[in-house]
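Q: return atomic coordinates for the entry below.
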Amino acid sequence: MLGYELHDLVGNVGVLCILGTYLLLQIERIEPTSLIFSGVNALGSAMVLFSLMVEFNLSSFIIESVWLTISVFGLARQFFKAKAA
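A: Numbering: from 1, shown residues only. Model prediction:
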């Protein structure tokens, strides 16, 4: 079926989250070490991974899995840094 389905929407919103945060980073509206940057990136990656569960693509799965891992690492780092302060 070539129709636009829920997983397509979720994946596309995830891509917009990732690209939007990267754009905000480039125009210096957001700090790369902020919780919001890592959080929105993690959410976006999770959304893309959700869409890949329906229409799997190994290359996309690898890059999104790594992107999610890096984003979660950034979140954890900021969380523990804030807790220590």
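Q: for the protein, what helix or strand is lowest in average pLDDT?
A: The helix or strand of the chain with the poorest confidence is helix 58-84; it has a mean of 94 (mean pLDDT, DSSP states H and E).
Q: what's that helix packed up against?
A: Packing partners of helix 58-84 (3 or more C-beta pairs under 8 Å, 6 or more residues apart in numbering; DSSP states H and E): helix 35-52. Any C-beta I mention is one placed from the backbone N, CA and C, and that applies to glycine too.
Q: quick revisit: quick one, the least confident helix or strand of the chain and helix 35-52 angle?
A: Here helix 58-84 runs at an angle of 150 degrees relative to helix 35-52 (axes from the mean of the first three to the mean of the last three C-alpha atoms, to 10 degrees).
Q: go ahead and confirm residue 40 touches residue 21.
A: Yes. With contact defined as C-beta atoms under 8 Å, residue 40 and residue 21 form a contacting pair (4.7 Å).
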